[in-house]
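Participant: Predicted structure and sequence below. I'll ask about it afterward.
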Amino acid sequence: MDSVFILTVAIVIFALAFDFINGFHDTANAIATAVSTKALRPRHAILLAAVMNFVGAMTFTGVAKTITKDIVDPFTLTNGSIVILAALCSAITWNLLTWYYGIPSSSSHTLIGSIAGAAIAASGFAALNYTGFLKILQALIFSPVLAFVVGFIVYGIFKFVFRDANLTKTNRNFRFIQIGTAALQSYTHGTNDAQKAMGIITMALIANNYVDSTDIPFWVQFSCAVAMGLGTSVGGWKIIKTVGGKIMKIRPINGVAADLTGAMIIFGATYIHLPVSTTHVISSGILGVGASHRLKGVKWGTAKTMLITWLITLPISATIAALFYYFLNLFF
């Protein structure tokens, strides 16, 4: 068989594997607060997240188009298949490492850093589409900051509105509301995160002359949605434990505020076709809610560990991808 065809098939398989891993790696983002407050049993929460992730992935394709064209130009990419396969190998490796150690790192940072690193290894820094790449970086950097601020404000509003309410009764009522907000956050997660694998498959199809536009084929959208849903159904218990309990002690009213914050920021990014890190956004939203509730109640040591991981993910992913590119280039 033609080597280009073999590489394309390999890229589709690895991209779906990345989406599957992204599903169980990021399951915690959408349901950790609902599990920690016992609004949902873990099994029910994961099933809800899997269904809503699938529905979200089938709704939009704008972020996928951004991934396809804004990091590098797929129409002029040198050794495009090897670049994309190396990027996927790097992203999967880093995701599995951080999942193993229970660190909620960003699959978005991992994938974007990996694409950039492999492309630079192939063609130098000129390979990057700097306008689009910087736009994506700005979204990745500012979205967690915005989530922290919005989380702080949303919980501040809740505190004011329910200042005279009975705390026990209020939390009991919010536990029911949290089922809805967990579903909403899972849906928005699917609208953004699942599209990243769609974008990279379409990039490969363009680079290998199987399609001639950045429109996402339906089979790509459907297969990525299924992979994300199946991955979510596996669950990421280590990261659920970190996000759900190691940042702050979460009560239902805190969880609803954090879920609404995450859903607003992620869906806003999806609406303007920008990929953001759902991990960063949701974790930062929880931090903002925690700071608004009680500064001393936030476990800033865990937040520091997460921040360090976020900062090193892009350069490490880029380096790993470059090494994979050099290795694969020996064989193809």
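Facilitator: Yep, it's here.
Participant: C-terminal to the helix or strand Asn29 falls within, what's the next element?
Facilitator: Taking DSSP states H and E as the definition, one finds Asn29 inside helix 3-36. Next along the chain after helix 3-36, taking DSSP H and E as the criterion, comes helix 42-57.
Participant: average pLDDT for that next one?
Facilitator: Per-residue pLDDT over helix 42-57 has a mean of 88.
Participant: Check the offset of whichever helix or strand comes after that helix from the chain's centre.
Facilitator: With elements assigned by DSSP H and E, the helix or strand that comes after helix 42-57 is helix 62-70. With Cα atoms, centre = their mean, to the nearest Å as the basis, helix 62-70 stands 15 Å off its chain's centre.
Participant: when you give positions from now on, start the count at 590
Facilitator: Renumbered: residue one is now 590, and that last one reads helix 651-659.
Participant: Send over the following helix or strand past helix 651-659 as PDB, restricted to the C-alpha atoms.
Facilitator: Once the chain leaves helix 651-659, the next helix or strand it forms, by DSSP H and E, is helix 669-689. The C-alpha trace of helix 669-689 is given here as PDB (Å, rounded to 0.1, in the frame of the first residue of the first chain):
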ATOM      1  CA  GLY A 669       2.900  16.900   6.900                       C
ATOM      2  CA  SER A 670       2.000  13.300   7.700                       C
ATOM      3  CA  ILE A 671       5.100  12.800   9.800                       C
ATOM      4  CA  VAL A 672       4.700  16.200  11.600                       C
ATOM      5  CA  ILE A 673       1.100  15.300  12.500                       C
ATOM      6  CA  LEU A 674       1.800  11.800  13.600                       C
ATOM      7  CA  ALA A 675       4.800  13.000  15.700                       C
ATOM      8  CA  ALA A 676       2.500  15.600  17.300                       C
ATOM      9  CA  LEU A 677      -0.100  13.000  18.200                       C
ATOM     10  CA  CYS A 678       2.500  10.600  19.700                       C
ATOM     11  CA  SER A 679       3.800  13.500  21.800                       C
ATOM     12  CA  ALA A 680       0.400  14.500  23.000                       C
ATOM     13  CA  ILE A 681      -0.600  11.000  23.900                       C
ATOM     14  CA  THR A 682       2.600  10.400  25.800                       C
ATOM     15  CA  TRP A 683       2.300  13.600  27.900                       C
ATOM     16  CA  ASN A 684      -1.400  13.000  28.600                       C
ATOM     17  CA  LEU A 685      -0.800   9.500  29.900                       C
ATOM     18  CA  LEU A 686       2.100  10.600  32.100                       C
ATOM     19  CA  THR A 687       0.100  13.400  33.700                       C
ATOM     20  CA  TRP A 688      -2.900  11.100  34.100                       C
ATOM     21  CA  TYR A 689      -0.800   8.500  35.800                       C
END
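Participant: Point out the other helices and strands that helix 669-689 packs with.
Facilitator: With contacts defined as 3 or more Cβ pairs under 8 Å, 6 or more residues apart in numbering; DSSP states H and E, the packing partners of helix 669-689 are helix 592-625, helix 696-712, helix 756-796, helix 826-830, helix 889-918. From N, CA and C alone the C-beta is placed, and that goes for glycine too.
Participant: Secondary structure class of the residue at the greatest distance from the centre of the chain, three-state.
Facilitator: For the chain, the largest distance from the centre (Cα atoms, centre = their mean) belongs to Asp753, which lies 37.7 Å off. Using DSSP: H, G, I helix; E, B strand; the rest coil, the secondary structure recorded for Asp753 is coil.
Participant: which residues touch Phe737?
Facilitator: Taking Cβ atoms under 8 Å, 6 or more residues apart in numbering, we find Phe737 in contact with 873-874, 876-877, 880.
Participant: among the residues you listed, who's most crowded?
Facilitator: Ranked by neighbour count (other Cβ atoms under 10 Å), those have Gly874 at the top, with 33 neighbours.
Participant: residues contacting it?
Facilitator: So Gly874 contacts 736-737, 739-740, 846-847, 850-851, 854 (Cβ under 8 Å, 6+ apart).
Participant: quick check, nearest of the residues you listed to Thr622?
Facilitator: In terms of Cβ to Cβ, no member of the contacts of Gly874 lies closer to Thr622 than Ala847, at 5.5 Å.
Participant: In a helix, the closest one, correct?
Facilitator: Yes: residue state for Ala847 (three-state DSSP) corresponds to a helix.
Participant: How confident was the prediction at it?
Facilitator: Confidence score, pLDDT, at Ala847: 92.
Participant: Could you tell me how many residues sit around Val601?
Facilitator: That count, for Val601 with other Cβ under 10 Å as the rule, works out to 20.
Participant: Next one: the residue nearest to it when sequence neighbours are not counted, what pLDDT does it get?
Facilitator: In this structure, Val601 finds its nearest non-sequential neighbour in Ile790, 5.7 Å apart by Cβ to Cβ, 6 or more residues apart in numbering. Here, the pLDDT recorded for Ile790 equals 96.
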